[in-house]
Every structure is written in structure tokens, then in C-alpha cells.
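In: Mind looking at a prediction? Sequence and model below.
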Amino acid sequence: MSNQVLIADGDQKRAKRIAEACRAGGLSCLVTSHGAAALETALAELPAVLVVQLDLPLIDGAKLAAILRANPRTQPTQLIFVSERAEAAARRDLPGRLIAAPVDPDEVASAVRALIAERDGVPAAAQAAGVASGVEGDLAQISLADLLQLFHVSRETGILELWREVEPGQKTQGQVALRAGDVVGASVDRAQGEKALYRMLAWDRGSFLLRPGPVGEPASIQRPTRALLREGKRQAEEWGRLSVELPPLSAHVTLQIQRSALPNVIHPLTQEVLVILELYSRVQDVVDHCAYPDYQVLRTLHTLIRRGMVELRRGPDPAALQVATQLFAPARVARLREWMDASRPRSAPPRDAKLLVAASDPDATRDFVRMLARLPGVAIEERFSSGAYSADDLATVGRIAVEDELGIQLVHTPIDERFAPLWQLAGHGALGALFLLTGPASQAVERVRPMLGTLRRLPRARIFSVLLLEKGERVAPEEVRENLALLDQGSLFLIPLESFEKSGVLLREMLQRVLP
């Protein structure tokens with residue numbers, strides 16, 4: 001049987017769009033507008049797949065399917081039904097897949113390619129309901145998007161392994177976790193989750209192997225599989241359209257403005273890119289270490305370059321920065337020493353800087369300490385690392401080494417108003433106060449507001465706030481600024497608890513801003 005596709009649809013505009021999507025994938029298409037013509041064409045051409053409108057004029061889709069199924073010559077033709085009625089999705093009596101309104105031509109084309117690949121033996125699902133052995137093949141013959149669409153239809157469970165040769169003798173390996181056809185996880189190189197999936201969806205060559213079996217790991221991808229494939233296609237198309245404008249991965253970039261000139265609240269993606277630029281100069285490294293999808297990172301870099309905030313150098317950079325083993329750049333350290341010397345009597349010995357830490361909830365302290373302890377040069381006091389502390393403790397949380405004998409002492413300060421007389425004393429001469437907040441944000445702010453008001457009245461008051469986000473929790477900085485009167489004199493940092501790598505990057509950013 002050929003790979004020809006017959007599209008029988010009374011909605012000619014929709015039929016044309018479906019045909020265009022199929023032809024874009026290398027398929028040959030015929031189009032008819034009513035059931036009688038569709039039956040005649042199917043008997044003459046024996047198409048591999050028939051895309052048929054459920055309410056097709058003259059002979060409706062269900063009746064046309066029954067006629068073709070009864071004829072031995074057209075029995076192998078695979079069927080995809082489309083309907084402009086959303087309620088039709090509940091039908092279970094059709095001998096093929098139903099795509100109800102809104103009908104996406106790209107989704108229809110993807111389903112057509114999946115059926116043809118299934119017929120040609122790419123998936124084992126064509127032979128049995130379950131897969132007894134691994135399915136393997138070449139990504140040059142069937143794309144990852146089509147594979148995932150196919151496995152989604154056949155509800156496969158297992159690990160899809162992928163390999164791609166990046167240079168002779170060197171391969172990159174990635175994995176996609178499937179549970180009942182849904183993509184629940186992905187990884188490649190340093191990337192995880194959706195970032196990894198979108199990266200592999202762009203592969204146009206390589207090999208794959210499906211290893212069937214239970215997937216026990218928690219789902220790191222929550223978005224529906226079809227939405228993932230649509231977003232992956234959108235990113236790939238935009239990347240192709242803007243590829244000349246986007247910075248090449250081999251180029252180097254450097255920040256061109258002072259960090260003090262940056263606004264206090266910026267988009268989390270931009271914030272993450274800017275702090276990574278302090279650690280890496282090669283575009284590939286920035287893309288790899290940012291938690292957001294590659295295309296979004298490149299678009300952000302492109303915007304920063306266009307605005308003159310970042311400089312692009314296309315040649316090799318012999319002084320390319322490596323991962324920092326210290327948290328603070330030399331210029332920042334020198335500025336801190338100047339700030340400390342200005343407030344220290346001449347005869348007094350050098351001392352550490354002081355940063356107050358106040359939490360709206362004891363659990364916020366625990367989570368903050370757990371993340372902070374992973375950074376270089378941080379030493380946490382045993383009572384805080386073991387959790388043997390109280391919300392009423394006025395005590396040292398730990399120390400952050402800055403340089404040689406210079407460091408920052410973190411002082412846990414209780415927020416209960418019984419301790420109000422201590423707030424001014426503790427805040428005197430401090431670098432600032434760091435408020436740890438957990439949602440709901442409005443309630444957290446109310447708990448710390450008395451202490452916040454007191455510290456703001458101190459000379460050289462500097463207020464910093466960290467909003468710790470649970471898994472899946474999303475709060476826009478603009479929303480916080482609009483609804484809470486907390487940040488008019490301070491800086492806000494949104495730090496997710498679910499990603500150690502991302503939280504580490506944002507904690508570095510926060511500590512850079514804490515220094516004067």
C-alpha cells in the first residue's frame with residue numbers, strides 16, 4: 001500500500017490546511033468534499049490513511065468507514081475522524097482515532113505520520129497491545145515528535161533512549177520517560193525536564209531505543225504531551241526563523257553595565273541569565289546552566305545584546321571565565337571592605353559583616369539553611385543544620401566566607417513583637433535584613449511587618465526579601481509588588497525549592513546584591 005493520504009472533509013478550508021500540514025511532512029494527499037467522492041477515490045487509490053469528517057455530506061464518516069472495513073481491498077486503510085463538535089470526543093464506537101474541536105491540522109498530520117510509521121513496523125504496538133521487546137530505529141526516518149505522538153496513541157510505558165553523534169567518536173545520550181503514553185520526564189547532558197525534551201525534539205538525526213517497563217521516578221514534566229509537542233514545534237520554527245539574529249553557541253558574551261544599575265525586580269529568566277553571566281562567558285555554557293529552555297535563553301541574550309546591556313564577541317575568548325569557587329567577585333569584596341572600614345573605629349580590629357535573617361515561619365529558616373549550605377564558603381552552625389533551633393532564638397545561623405578573614409555572619413532574629421526592643425540593637429551596623437517568606441505571601445508579610453517597619457527606620461537600612469516557592473507554585477514579582485507594601489525600599493528574590501541548581505544560582509544573585 002502507498003503512503004497516500006485521502007482527506008474527506010466538507011470544510012474545504014480545514015481540509016486544505018490539513019493537506020498542507022501533511023505535505024510538509026512529505027506525504028502525498030488527495031482531497032474530497034463529500035462521502036460519495038471519498039468512497040470512489042478510496043476504492044480507486046487505496047490510501048494508507050483516510051482523514052474523514054464525522055458529519056461528512058452524502059455519506060457520513062461512520063458509514064463510510066463501515067463500507068471500507070467491509071471491503072477486503074480497503075480494510076488496511078487506517079482511519080482518523082475529525083469533528084467540529086467537541087461533544088463527539090465521547091464517542092467510543094468509531095474504528096479509528098477521533099480528533100474533536102478544535103481540530104489542529106498539525107495534530108492531524110502528526111497522527112497520520114504515526115499511523116504510517118506504525119504500519120511500517122516502527123513501533124511494536126502494531127503487533128500487540130503491549131510491547132514485549134524494545135523498539136529501535138533511526139531519527140532520520142522518524143522524528144522524535146512523531147515517535148512520542150505514536151507512543152502517546154499506543155499508551156506505551158518505558159524509557160525511550162536516544163543517541164546523537166556530536167562529533168566523530170563522541171555521542172550524546174538522552175532519555176525520555178513515558179508513563180501510559182504521557183511524557184513524564186526527560187534528561188540530556190545537564191538539562192532536565194522540559195528543557196531537555198525541547199532540546200532533543202530539535203534533533204534531526206540519531207538513533208532511539210524504547211525499553212518497556214515501569215517508570216517509578218516522580219514526574220518532572222506535568223504539561224500534557226500534545227501541548228509539549230506543540231510548544232516544541234513552535235520553538236523550533238521560531239529558532240529557525242531567527243537563527244541569524246540569535247547569538248551563536250560558540251560566541252562569548254559579557255555584561256556591560258553595573259549590577260547596581262539593574263532594577264530591583266526583573267523577570268526570573270533575565271535574573272538567572274544575568275547571574276550566570278558572572279560565572280560563564282561562552283553562550284553554550286550560559287544555555288546549559290540556565291534552567292529555562294534553550295530557545296528562551298537565547299532570545300533573552302539577544303534582547304540584552306540589542307539593548308546594549310551585554311556585549312557579544314564571536315571569536316574565541318582566551319580569558320573565558322570558569323565556574324567561580326568563591327561567591328563574590330574581587331570588586332565586590334573591595335567594596336565591602338571599604339563599607340566595613342567606614343563604620344569601624346581606627347583602633348578596632350577587623351570584624352565580620354552582619355546580616356539579619358528573619359523568617360515568617362520556622363520551616364522557611366530550615367529550607368533556606370538547607371539551600372545555603374550547598375554554596376562554597378558557607379559554614380552553618382550545628383543547631384541550625386540539625387534543626388535544633390526555635391523561632392524565638394537570637395543566634396548565629398552561620399558564616400559566609402568572603403575573603404581571607406572577612407566574612408558575613410548570619411544572625412537569626414525572632415519576629416515576635418516580644419523581641420521588638422532587640423530589633424534596633426541587632427540591626428545596628430548590619431549590612432541589611434533578609435526576610436524569608438513562605439506563601440500565602442500576604443499572610444507572611446503581615447507576620448514580619450512590625451519588625452520590617454522598625455528596621456526601615458535605621459540609618460542605611462537595606463531590606464531584602466526571599467519568597468520560597470513550593471513545587472509548582474508560581475508568583476509574579478509584579479503581583480507581589482502590586483498587592484504588598486513590602487518592597488518599596490528593598491529587593492525581592494523568588495527562589496524555587498524544587499530545583500537545587502536553580503536555587504543555587506538565585507542565591508548567588510541574592511548574595512551579590514546584599515553586598516554594598
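Out: In hand now; what should we look at?

In: CA only for contacts and neighbour counts going forward, please
Out: OK.

In: got any ranges where the stretch 251-400 of the chain has weak pLDDT?
Out: Residues of the stretch 251-400 of the chain meeting the criterion pLDDT under 70: 258-265, 314-326, 344-348.

In: ok, which stretches of it are strands?
Out: With DSSP state E, counting those that start in this stretch as the criterion, the stretch 251-400 of the chain has strands at 252-255, 310-313, 353-359, 378-380, 395-403.

In: Give me the sheet partners of the one helix or strand residue 183 maps to and which way each runs.
Out: In this structure, residue 183 sits in strand 182-188 according to DSSP states H and E. Under the criterion DSSP bridges, strand 182-188 sits next to strand 170-179 (antiparallel), strand 191-192 (antiparallel) in its sheet.

In: picking up where we left off before, could you redo the strands of the stretch 251-400 of the chain as TSV and give each row distance to residue 92 and mean neighbour count?
Out: Shown next, in TSV, are the strands of the stretch 251-400 of the chain (distance: least, CA to CA, whole Å; neighbours: other CA atoms under 10 Å):
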stretch	distance to residue 92	mean neighbour count
strand 252-255	56	21
strand 310-313	56	18
strand 353-359	55	24
strand 378-380	60	18
strand 395-403	62	20
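
In: With distance to residue 163 as new columns, can those be given to me in CSV?
Out: Converted to CSV, the strands of the stretch 251-400 of the chain look like this (distance: least, CA to CA, whole Å):
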stretch, distance to residue 163
strand 252-255, 28
strand 310-313, 31
strand 353-359, 47
strand 378-380, 39
strand 395-403, 42
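
In: For residue 289, which of these is the nearest?
Out: Checking the strands of the stretch 251-400 of the chain against residue 289 by CA to CA gives strand 252-255 as the closest, at 14.5 Å.

In: how about the strands paired with strand 182-188 in JSON lines, adding distance to residue 152, mean pLDDT and mean neighbour count?
Out: Formatted as JSON lines, the strands paired with strand 182-188 follow (distance: least, CA to CA, whole Å; pLDDT from 0 to 100; neighbours: other CA atoms under 10 Å):
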{"stretch": "strand 170-179", "distance to residue 152": "9", "mean pLDDT": "89", "mean neighbour count": "19"}
{"stretch": "strand 191-192", "distance to residue 152": "20", "mean pLDDT": "86", "mean neighbour count": "22"}
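
In: To residue 272, which of those lies closest?
Out: Comparing these under CA to CA, the one sitting nearest is strand 191-192, at 15.2 Å.

In: Leaving out the residues flanking it, which one is nearest to the most centrally placed residue in the chain?
Out: Closest residue to the average C-alpha location of the chain: residue 292 at 4.6 Å, with CA atoms, centre = their mean. In space, and not counting its chain neighbours, residue 292 is closest to residue 195: 6.1 Å by CA to CA, 6 or more residues apart in numbering.

In: next structured bit after whichever strand or helix holds the one you found?
Out: In this assignment (DSSP H and E), residue 195 forms part of helix 193-201. Following helix 193-201 in sequence order, the next helix or strand is strand 207-212 (DSSP H and E).

In: Need the CA coordinates for the next helix or strand after that next one. CSV is fine.
Out: Downstream of strand 207-212, the first helix or strand assigned by DSSP H and E is helix 225-242. In CSV, the C-alpha atoms belonging to helix 225-242 read as follows (Å, rounded to 0.1, in the frame of the first residue of the first chain):
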residue,chain,number,x,y,z
THR,A,225,2.2,15.6,25.9
ARG,A,226,0.3,17.2,23.0
ALA,A,227,1.0,20.7,24.4
LEU,A,228,4.7,19.8,24.8
LEU,A,229,4.9,18.8,21.2
ARG,A,230,3.1,21.9,20.0
GLU,A,231,5.4,24.1,22.1
GLY,A,232,8.5,22.2,20.9
LYS,A,233,7.4,22.7,17.3
ARG,A,234,6.8,26.4,17.9
GLN,A,235,10.2,26.9,19.5
ALA,A,236,11.9,25.0,16.6
GLU,A,237,10.1,27.1,14.0
GLU,A,238,11.0,30.4,15.7
TRP,A,239,14.6,29.3,16.3
GLY,A,240,14.9,28.6,12.6
ARG,A,241,13.3,31.9,11.6
LEU,A,242,15.5,33.9,14.0
